[in-house]
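1. Could you look at this predicted model? Sequence included:
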Amino acid sequence: MKVIDRLSPNYDARTRPIDLVVLHYTGMQSAQIALARLTDPAPLAGKYPGPWQNEDVAPDAPLGKVSAHYVVGEDGAVYRLVAEEHRAWHAGASSWDGEGDVNSRAIGIEIANGGHDFGLPEFTDAQIEAVITLLGEILDRWSLKPARVVGHSDVAPERKLDPGEKFPWRRLAEAGVSIWPEIIETPPRDEEYVAHAQQQLAAFGYDVRATGFADAETKAALMAFQRRFRPGQIDGVLDDETRALLAALT
Ligand SMILES: [Zn+2]
């Protein structure tokens with residue numbers, strides 16, 4: 001596919017092989033503002049004002065340096081910021097499969113979309129088509145299964161909501177670049193059902209321990225799971241449908 005180079009200096013060396021792709025929304029007004037932010041070697045608060053910032057932040061306050069491997073514009077244009085071989089800085093504090101430093105193993109794709117701060121706009125057809133093509137090439141290139149494509153909210157459920165409940169995961173799965181659960185049965189609700197669900201969440205990849213009770217960590221992971229697989233009701237409650245979806249995936 002056609003890729004436009006907009007190279008970012010914000011990267012360093014990976015410490016382990018690529019085995020994950022993390023999808024994000026930019027949460028900014030436009031792809032062009034996101035590209036400026038993600039390629040800025042010395043970002044300052046005054047250059048990127050938005051609802052995510054306190055009003056009393058000084059304009060010259062330094063912001064964290066961030067990047068991603070790709071940005072997909074609203075019009076479907078695909079920008080390359082960091083070569084896949086390098087470690088881009090998109091996931092922050094995060095964990096998957098029991099390991100932190102998701103950036104070291106992941107390819108990060110930022111999809112231009114205002115997100116929760118801007119009224120959760122729809123993703124465009126052009127950009128979802130571009131994301132599907134790009135993911136197909138990445139999965140091929142690195143011999144990854146569709147299950148290795150996750151959301152930022154999956155790897156950082158207590159901090160992040162992106163790519164958000166409007167993101168069409170099912171459409172990606174139908175195109176063969178992600179997964180979607182087919183419900184087979186609802187597991188029995190015995191005394192161990194919370195611990196069992198926690199084991200399933202951890203087996204899927206979430207950073208959850210089997211405590212046997214619905215702690216904050218578990219609730220955050222359940223909300224991330226629902227945001228992705230049952231976007232109509234995101235409450236972190238371990239109801240029968242959520243348990244059936246979880247059983248279908250693990
Ligand atoms: Zn993100």
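-> Thanks, I have the structure now.
2. hey, let's count contacts and neighbours off CA atoms from now on
-> Fine.
3. now the lengthiest helix in the chain: how far from the chain's centre is it?
-> Longest among the helix segments of the chain by residue count, using DSSP state H, is helix 125-141. Centroid displacement of helix 125-141 relative to its chain, using C-alpha atoms, centre = their mean, to the nearest Å, is 15 Å.
4. number of nearby residues for residue 72?
-> Residue 72: 26 surrounding residues under other C-alpha atoms under 10 Å.
5. Enumerate every residue touching the residue in the chain that the ion sits nearest to.
-> Of all residues in the chain, the one sitting closest to the ion is residue 24 (4.2 Å; C-alpha to the ion). By C-alpha atoms under 8 Å, 6 or more residues apart in numbering, the contact set of residue 24 is 108-111, 151-152, 162-163.
6. rewinding a little: how about the longest helix of the chain: buried residues?
-> 127-128, 130-132, 134-136, 138-139 (16 or more other C-alpha atoms under 10 Å).
7. about what we covered before: quick one: name whatever helix or strand follows the helix or strand hosting the residue of the chain closest to the ion.
-> If you go by DSSP states H and E, residue 24 is part of strand 20-25. Counting by DSSP H and E, the element after strand 20-25 in chain order, helix or strand, is helix 31-38.
8. Any residue of that next one touching the ion?
-> No - contact of helix 31-38 with the ion is not found when judged by C-alpha under 5 Å from the ion; the minimum separation is 11.8 Å.
9. Check the offset of that helix from the chain's centre.
-> Centroid separation between helix 31-38 and its chain, computed with C-alpha atoms, centre = their mean, is 18 Å.
10. Which neighbouring elements make contact with it?
-> Packed against helix 31-38 by the contact rule (3 or more C-alpha pairs under 8 Å, 6 or more residues apart in numbering; DSSP states H and E) you find strand 70-72.
11. circling back to that earlier point, what's whatever helix or strand comes next after the longest helix of the chain packed up against?
-> Counting by DSSP H and E, the element after helix 125-141 in chain order, helix or strand, is strand 149-151. Applying 3+ C-alpha pairs under 8 Å, 6+ apart, one finds that strand 149-151 contacts strand 20-25.
12. Give me the distance between the residue of the chain closest to the ion and residue 154.
-> Using C-alpha to C-alpha, to the nearest Å, one gets 11 Å for the distance from residue 24 to residue 154.
13. mind listing the strands in this protein by residue range?
-> For the chain, the strands defined by DSSP state E cover 4-5, 11-12, 20-25, 70-72, 78-80, 87-88, 106-111, 149-151.
14. Neighbouring strands - and their directions - for the fourth one?
-> Taking DSSP bridges as the criterion, strand 70-72 pairs within the sheet with strand 78-80 (antiparallel), strand 106-111 (parallel).
15. closest one to residue 12 among the ones you listed?
-> Among the strands paired with strand 70-72, strand 106-111 comes nearest to residue 12, with 12.9 Å by C-alpha to C-alpha.
16. so, in contact with the ion or not, the closest one?
-> No - for strand 106-111, no contact with the ion is found by C-alpha under 5 Å from the ion; the gap never falls below 7.2 Å.
17. Nice, that's everything, thank you.
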